[in-house]
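The sequence and its predicted three-dimensional model are supplied below.
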Amino acid sequence: MSQSDSSAAAAVNDALTGDEDLQSHDERVVAGRILMILAMVVVLVGVAVALFGLPALTMAALAATVVVMGLLIAYAAGF
């Protein structure tokens, strides 16, 4: 039973949204996609740690630090 990305994102959004009046459909779709990407990253890091050990976890932490720093710079710049 294979679902496309848009229907899977819609299913996640339906499960997470308690009140549909508070969010538009587009916002729920974007939130669902972000959560799906986050879940895939967590699984990927878990597999990398299982294969390569703690050095993979260190590299994932370094990449996460760079992403957070980029988000903070973008926020400070007004984006």
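Here it is on my side, so go on. Residues are numbered from 1 along each chain as shown.

so what secondary structure elements neighbour the longest helix anywhere in the chain?
In the chain, with assignment by DSSP state H, the single longest helix is helix 25-52. If you count contacts as 3 or more C-beta pairs under 8 Å, 6 or more residues apart in numbering; DSSP states H and E, helix 25-52 packs onto helix 5-16, helix 54-77. C-betas here are computed from N, CA, C, even on glycine.

Against residue 75, how distant is the residue positioned nearest the centre of the chain?
Per C-alpha atoms, centre = their mean, the C-alpha nearest to the average position across the chain is that of residue 38, at 2.5 Å. Here residue 38 is placed at a distance of 19 Å from residue 75 (C-beta to C-beta, to the nearest Å).

swap in residue 65?
Taken as C-beta to C-beta, the span from residue 65 to residue 75 is 16 Å.

Also residue 39?
Taking C-beta to C-beta as the measure, residue 39 falls 24 Å from residue 75.

With residue 42 instead?
From residue 42 to residue 75 the distance is 24 Å (C-beta to C-beta).

any weak-confidence spans in the chain?
By pLDDT under 70, the low-scoring segments of the chain are 1-6, 13-22.

again, only this time at 50
Along the chain, segments meeting pLDDT under 50 span 1.

Kindly format the C-alpha coordinates of stretch 33-41 as PDB.
Output of stretch 33-41 as PDB, limited to C-alpha atoms (Å, rounded to 0.1, in the frame of the first residue of the first chain):
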ATOM      1  CA  ARG A  33       6.500  17.800   5.100                       C
ATOM      2  CA  ILE A  34       8.900  19.400   7.600                       C
ATOM      3  CA  LEU A  35       8.000  16.700  10.100                       C
ATOM      4  CA  MET A  36       8.500  13.900   7.500                       C
ATOM      5  CA  ILE A  37      11.900  15.300   6.500                       C
ATOM      6  CA  LEU A  38      12.900  15.600  10.200                       C
ATOM      7  CA  ALA A  39      11.900  11.900  10.700                       C
ATOM      8  CA  MET A  40      13.900  10.900   7.700                       C
ATOM      9  CA  VAL A  41      17.000  12.800   9.000                       C
END
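
Alright, that wraps it up for me.
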